[in-house]
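Asks: Just a sequence and a predicted model for now, questions to come.
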Amino acid sequence: MNGQPGVSVAVTDRGFSYGDGLFETLRFDAGRPLLLERHLQRLQHGLERLLIPADGLLDLLRDELAMLCRPHPGGLLKILVTRGEGGRGYWGKVDRGPTRVVQRFASPDYPRQWFEQGVELFPCQTRLGLNPRLAGIKHLNRLEQILARSEWQDQYPEGVVCDLEGYVVEGTMSNLFMVKNGALYTPKLDRCGVAGVVRAVIIDSANKAGIDCHETRIRQDQLAQADALFMTNTGFGVLPVKRLGEQNYPSHPYTAMAREWLEEARRCEC
């Protein structure tokens, strides 16, 4: 916490009081944070959107992340940045800030059959509100995702969430890609949702490979007509989908290709 060992945050911290902040989750391997600059760029974008001053913050985080993961072979890192400690009220006046927290976790253990056979997704009833001011960034207000995830137990690894108008947006903790007629489609995240770092890698890599990749509104009935689906996030990377609702989906070469794109990006970027 702010460069020192710690386990608690002040009750006056605006992240605790109001969810006034952002977070990032990233993998590290062999003592090296993966896709670090992409994560920090998204964090910087979110800080600017929330008007949280960040002079010198990213350099401090680079040093602290390197120190935290250096003695360990691999796992997950989580960054939290809040506006800082302040008094009562919504006005963003702080006594000192921002507050930064870096945590290390063991690598998640995902079943091999998820990647070999695909997963079944749960169709969530919870809807995401529309707020372009917050769309795309990974802010600390995750109540919609918590409510969506509470709709099922452990029989599904992930669910699909729509917005108030019924358009497909994302998973509760991941982004969605649809394959149709040789092209990739992913929901447009200009009104709600989180623009994932792995999602950005797939979009960039598809464009470089000459594969059409469209960010667009996707209706639920369009998902039923897709040739294939896959999900992306930092933890599991690229995960094929075998079933959503009553629709089954076959394996597709683009899923394996997306996994290769991600591995290449992780090798080349720090």
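Replies: Everything's here; your move. The structure presented is a predicted model; accordingly, all values stated were derived computationally and were not measured. Residues are numbered from 1 along each chain as shown.

Asks: Would you agree Met1 is in contact with Val101?
Replies: Yes - taking contacts as Cβ atoms under 8 Å, Met1 lies within contact range of Val101: 5.2 Å. Glycine gets a C-beta too; all of them are placed from N, C-alpha and C.

Asks: what's the overlap in contacts for these two?
Replies: Shared contacts of Met1 and Val101 (Cβ atoms under 8 Å, 6 or more residues apart in numbering): Val9.

Asks: how far away is Ser38 from Arg27?
Replies: Small correction: residue 38 is Arg, not Ser. Plainly put, Arg38 is 12 Å away from Arg27 if you go by Cβ to Cβ, to the nearest Å.

Asks: How is Ile202 assigned, secondary-structure-wise?
Replies: helix (DSSP: H, G, I helix; E, B strand; the rest coil).

Asks: Make residue 1 into 494 and carry on from there
Replies: I'll keep to 494 as the first residue from here, and by that count the last item is Ile695.

Asks: what residues are up against it?
Replies: With Cβ under 8 Å, 6+ apart, Ile695 has these contacts: 670, 677, 679, 706, 725, 731, 751, 754-755.

Asks: residue contacts, Val654?
Replies: Applying Cβ under 8 Å, 6+ apart, the residues near Val654 are 617, 619-621, 637-638, 641, 661-665.

Asks: Kindly recompute the last result at 6 Å.
Replies: 617, 621, 641, 662-663 (Cβ atoms under 6 Å, 6 or more residues apart in numbering).

Asks: quick one, phi psi at it?
Replies: Main-chain dihedrals, Val654, degrees, to the nearest 10: phi -120, psi 140.

Asks: Put together TSV for the contacts of Ile695, with neighbour count and distance to His745 on each row.
Replies: Conversion of the contacts of Ile695 to TSV gives the following (neighbours: other Cβ atoms under 10 Å; distance: Cβ to Cβ, whole Å):
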residue	neighbour count	distance to His745
Phe670	24	10
Leu677	22	10
Thr679	23	15
Cys706	16	14
Thr725	26	14
Val731	24	11
Ala751	26	10
Trp754	21	14
Leu755	21	16
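
Asks: and the residue lying closest to Cys562 once chain neighbours are set aside, how many neighbours does it have?
Replies: Spatial nearest neighbour of Cys562, chain neighbours left out: Phe521 (4.1 Å); criterion: Cβ to Cβ, 6 or more residues apart in numbering. Neighbours of Phe521 under the rule other Cβ atoms under 10 Å: 22.
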